[in-house]
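> Sequence first, then the predicted structure:
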Amino acid sequence: MAELTTIATQIRRDIVRMVHGASSGHPGGSLGCADFLTALFFKIMKHNSAFNMNATNEDVFILSNGHISPLYYSALARSGYFDIKELATFRKLNSRLQGHPATHEHLPGVRIASGSLGQGMSVAIGAALTKKLNAEKNLVFSLHGDGELDEGQIWEAVLFAAHHKVDNLISTIDWNGQQIDGPTDKVMNLGNIRQKFDAFGWVTLEMNGNNMDDVVSTLEKAKTLTGQGKPIAIMMHTLMGKGVDFMEGKHEWHGVSPNDEQLASALTQLPETSLGDY
Ligand SMILES: Cc1ncc(C[n+]2csc(CCOP(=O)(O)OP(=O)(O)O)c2C)c(N)n1
Ligand SMILES: [Mg+2]
């Protein structure tokens, strides 16, 4: 567990350095979901950093809220998909690490373009059904923002997954209560998301996405609930900007880069770990 926490701290450090280096990007959701993606990539998922686009005989992760690409790229690099030095090219011209992940950049680990919100659950369901057709036992994991749930396509997919018993899918919702222009209850009130997924016929779990013990044990529990005829959704409570005090809980940090002074303050709060900076 201590090792996972160290990785998450280094990834958070990567996130603020990458966004500062590009003078653009999305630190808020990236920092909030850092513990989750660390647990997934370094403990929960059976995946292979020798990248194969078809993901045959391995678990798959689909990032639907593609704007949190700094976190995604850092997790991929630090689990061996590509050299961590490439993180320095984030959002630069001709980089494979564009602001929103895209397949035509051929970055190992990226299987779909995301950033246009609402599409990832449909893709994840397709991947999960394919695994069933191929009699593969592996799982599909997906991550979505809560603001992303404003997209109608999500609810079509949620309905479809229950109807077709897509029980090898674990979808997590980053329930941070914030989105691009303000708190979600002001922009478009989502009500009780868990009750909505329950009503649509999913098995639901809830966790504190910024507590590594809780994240790991809830994901382990979710895995034990697969294969029982229902898709699984995890309501993940996180703090936007987690780990950098002046960003925490503030929608203003959804998609803004820190200036030099703010970067320095953030980095003192996220000291370099034994893994080292890129
Ligand atoms: C289809 C679509 N509509 C609008 C946007 C613009 N947009 C980018 S991020 C975002 C807010 C998403 O909120 P949430 O998923 O909660 O992400 P968080 O701010 O918590 O990281 C919006 C509306 C988009 N990327 N795609
Ligand atoms: Mg949100």
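Alright, I've got the coordinates. Ligands and ions are numbered 1, 2, ... in the order given.
> drop to CA atoms for contacts and neighbour counts, all remaining ones
Fine.
> Now for the nearest residue to Val203 once chain neighbours are set aside: which residues touch it?
Closest residue to Val203 apart from its sequence neighbours, by CA to CA, 6 or more residues apart in numbering: Ile232 at 4.8 Å. Ile232 makes contact with 167, 169-171, 202-205, 222, 225-226 under the criterion CA atoms under 8 Å, 6 or more residues apart in numbering.
> Can you pick out the most distant pair from the residues you listed?
Within the contacts of Ile232, Asp167 and Leu205 form the most distant pair, 14.4 Å apart (CA to CA).
> what about the two, which has more around it?
More neighbours surround Asp167 than the other of Asp167 and Leu205, with 24 against 17 (other CA atoms under 10 Å).
> That one - that's part of a strand, no?
No. Using DSSP: H, G, I helix; E, B strand; the rest coil, the secondary structure at Asp167 is coil, not a strand.
> and the helix or strand harbouring Met236, is it in reach of ligand 1?
According to DSSP states H and E, Met236 maps onto strand 232-237. No. Using CA under 6 Å from any ligand atom, strand 232-237 never reaches ligand 1; the gap is at least 10.8 Å.
> For that strand, which strands pair with it and how are they oriented?
Paired neighbours of strand 232-237 in the sheet (DSSP bridges): strand 169-175 (parallel), strand 203-208 (parallel).
> Mind checking if that strand is in reach of ligand 2?
No. Counting by CA under 5 Å from the ion, ligand 2 has no neighbours in strand 232-237; the shortest distance is 10.0 Å.
> how much distance is there from that strand to the middle of the chain?
Remark: strand 232-237 is offset 12 Å from the chain centroid, using CA atoms, centre = their mean, to the nearest Å.
> Can you identify the element that follows that strand toward the C-terminus?
Following strand 232-237 in sequence, per DSSP H and E, is helix 260-269.
> For that next one, C-alpha coordinates in PDB please.
Output of helix 260-269 as PDB, limited to C-alpha atoms (Å, rounded to 0.1, in the frame of the first residue of the first chain):
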ATOM      1  CA  ASP A 260       5.600  29.400 -11.800                       C
ATOM      2  CA  GLU A 261       4.800  30.400  -8.300                       C
ATOM      3  CA  GLN A 262       1.800  28.000  -8.000                       C
ATOM      4  CA  LEU A 263       3.900  25.200  -9.500                       C
ATOM      5  CA  ALA A 264       6.600  25.700  -6.800                       C
ATOM      6  CA  SER A 265       4.000  25.600  -4.100                       C
ATOM      7  CA  ALA A 266       2.400  22.400  -5.600                       C
ATOM      8  CA  LEU A 267       5.800  20.700  -5.800                       C
ATOM      9  CA  THR A 268       6.600  21.300  -2.200                       C
ATOM     10  CA  GLN A 269       3.300  19.600  -1.300                       C
END
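> Report the buried residues of that helix.
263, 266-267 (16 or more other CA atoms under 10 Å).
> Same check on stretch 200-217?
200-210, 212-213, 215-216.
> and which of those residues is nearest to ligand 1?
The shortest approach to ligand 1 among the buried residues of stretch 200-217 belongs to Gly209, at 12.9 Å (CA to the nearest ligand atom).
> Would you agree the closest one is in contact with Thr238?
Yes. Judged on CA atoms under 8 Å, Gly209 makes contact with Thr238 at a distance of 5.1 Å.
> what do those two both touch?
Contacts common to Gly209 and Thr238, judged by CA under 8 Å, 6+ apart, are 32-33.
> Run through the helices of the stretch 51-200 of the chain in chain order.
With helices called from DSSP state H, counting those that start in this stretch, the stretch 51-200 of the chain shows them at 69-78, 120-133, 152-163, 184-187, 193-199.
> So the fourth one, near ligand 2 or not?
No. Applying CA under 5 Å from the ion, one finds helix 184-187 out of contact with ligand 2, separated by at least 7.1 Å.
> swap in stretch 248-264?
No. Stretch 248-264 stays clear of ligand 2 (CA under 5 Å from the ion), getting no nearer than 8.3 Å.
> That stretch near ligand 1 at all?
Yes. Counting by CA under 6 Å from any ligand atom, contacts between stretch 248-264 and ligand 1 involve His254.
> sorry, back to before: could I get the buried residues of helix 260-269 in TSV, plus columns for pLDDT?
Below are these laid out as TSV (pLDDT from 0 to 100):
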residue	pLDDT
Leu263	98
Ala266	98
Leu267	98
